[in-house]
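In: model the structure of this input:
(chains A, B, C and D)
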2 protein chains.
Amino acid sequence: MRLTAKGRYAVTAMLDIAVHQEKGPISLADISERQGISLSYLEQLFSKLRRNELVSSVRGPGGGYKLSRDAGDIFVAQIVDSVDETVDATKCAGRANCQHGETCLTHELWADLSEQIHQFLSSIDLATIIANRTVREVADRQDAHQEENIERALAQEA
Amino acid sequence: MRLTAKGRYAVTAMLDIAVHQEKGPISLADISERQGISLSYLEQLFSKLRRNELVSSVRGPGGGYKLSRDAGDIFVAQIVDSVDETVDATKCAGRANCQHGETCLTHELWADLSEQIHQFLSSIDLATIIANRTVREVADRQDAHQEENIERALAQEA
DNA sequence: CAATACTTGACTAAAAAAGTCGGGTATTAC
DNA sequence: GTAATACCCGACTTTTTTAGTCAAGTATTG
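Out: Residues are numbered from 1 along each chain as shown, chains lettered A, B, ... in the order given. A predicted model of the protein is given here:
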């Protein structure tokens, strides 16, 4: 399990789609502009996300990407795994100095930990992230009236 | 929060010390041989671990490194943070296209998630990893309390 | 004093990340 | 049917990080 900027970009882009999905397919150009990620780089990432069946594409004008299934059925670990192409994990396989069991001990300890992290990320879905966020936003708006300005700005943009 | 081979090496080395700590200070040469990590590279990592007061050093013959405190008081997140020197996290700070609030939305969503991962790794200490060879119990406990953790994290943020 | 082992900083090769470029192909709207 | 949109794909470049090396120390023990 790796966790790097590449995975963050992918998760961010997926969240962007999840947030705007009621507008129909979302073009990479839109995501690029909103999230500040280069278009060509997004194409690379979405090529992998599509191959892993996390998104489906609609070509032609008005096209773009949409989530391949409900946001509640897409988990962070799946996104990260799709773009990061995790390898070996232990690299203990063909290791020369891994005979006397000593090495394998801590390698296995790490593998356990790695598995825990993976399980944790497998339990967080996009819908949960967005839902919690939305709830909080509503609460904030009720408290502070300044939020209305931001809402107007967002409405205009769409 | 980043999670890369560098952090894995550091955690592995710390686990190695924790496993052998009853033998007194552990030399980097021993760790290098057991874990297959180059001595000079370990020196770099332990320079940072020492500065972050996760280990203390004993010089001279028979010297080496030992844990600066009980294994139960050293958490995975501390080790990873020490060697990875996490930066910005959102990079949203001086971003040009981050004015109309839209960008900040998903950036914050990612920040929430990142914080959750960090909290998770902050809950795993070395003693626990070593005690439970197969650490399912902890994983299960985490699963049970996970929804609460998410709620707490979001509540705190506000 | 000599061997051990940590300490530090500068340097380098290799890999990965991030971004670019140039050509495609499918689809829609006019 | 043609032009515009937007996905699709592979090769390429740049930049950053990783991982490792080298060389010169300092402190401690036996």
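
In: only C-alpha atoms for contact and neighbour calcs from this point on.
Out: Will do.

In: please save the CA atoms from the longest helix along chain A in PDB.
Out: When chain A is parsed with DSSP state H, its longest helix is helix A:102-122. Taking C-alpha atoms only, helix A:102-122 is exported to PDB below (Å, rounded to 0.1, in the frame of the first residue of the first chain):
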ATOM      1  CA  GLU A 102      14.800 -13.600  11.300                       C
ATOM      2  CA  THR A 103      14.300 -11.300   8.300                       C
ATOM      3  CA  CYS A 104      10.900 -12.800   7.600                       C
ATOM      4  CA  LEU A 105       9.700 -11.900  11.100                       C
ATOM      5  CA  THR A 106       9.700  -8.200  10.700                       C
ATOM      6  CA  HIS A 107       8.700  -8.400   7.100                       C
ATOM      7  CA  GLU A 108       5.600 -10.200   8.200                       C
ATOM      8  CA  LEU A 109       5.000  -7.700  10.900                       C
ATOM      9  CA  TRP A 110       5.100  -4.900   8.300                       C
ATOM     10  CA  ALA A 111       2.800  -6.900   6.000                       C
ATOM     11  CA  ASP A 112       0.300  -7.200   8.800                       C
ATOM     12  CA  LEU A 113       0.400  -3.500   9.300                       C
ATOM     13  CA  SER A 114       0.100  -2.800   5.600                       C
ATOM     14  CA  GLU A 115      -2.900  -5.000   5.500                       C
ATOM     15  CA  GLN A 116      -4.500  -3.000   8.300                       C
ATOM     16  CA  ILE A 117      -4.000   0.200   6.500                       C
ATOM     17  CA  HIS A 118      -5.500  -1.200   3.400                       C
ATOM     18  CA  GLN A 119      -8.500  -2.500   5.200                       C
ATOM     19  CA  PHE A 120      -9.000   0.900   6.800                       C
ATOM     20  CA  LEU A 121      -9.000   2.600   3.400                       C
ATOM     21  CA  SER A 122     -11.300  -0.100   2.100                       C
END
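
In: for chain B, what's its nearest residue on chain A.
Out: For chain A, the residue closest to chain B is A:L3, as judged by Cα to the nearest Cα, at 4.6 Å.

In: so what's that residue bridging to?
Out: Taking DSSP bridges as the rule, A:L3 bridges to B:L3.

In: done for today, thanks.
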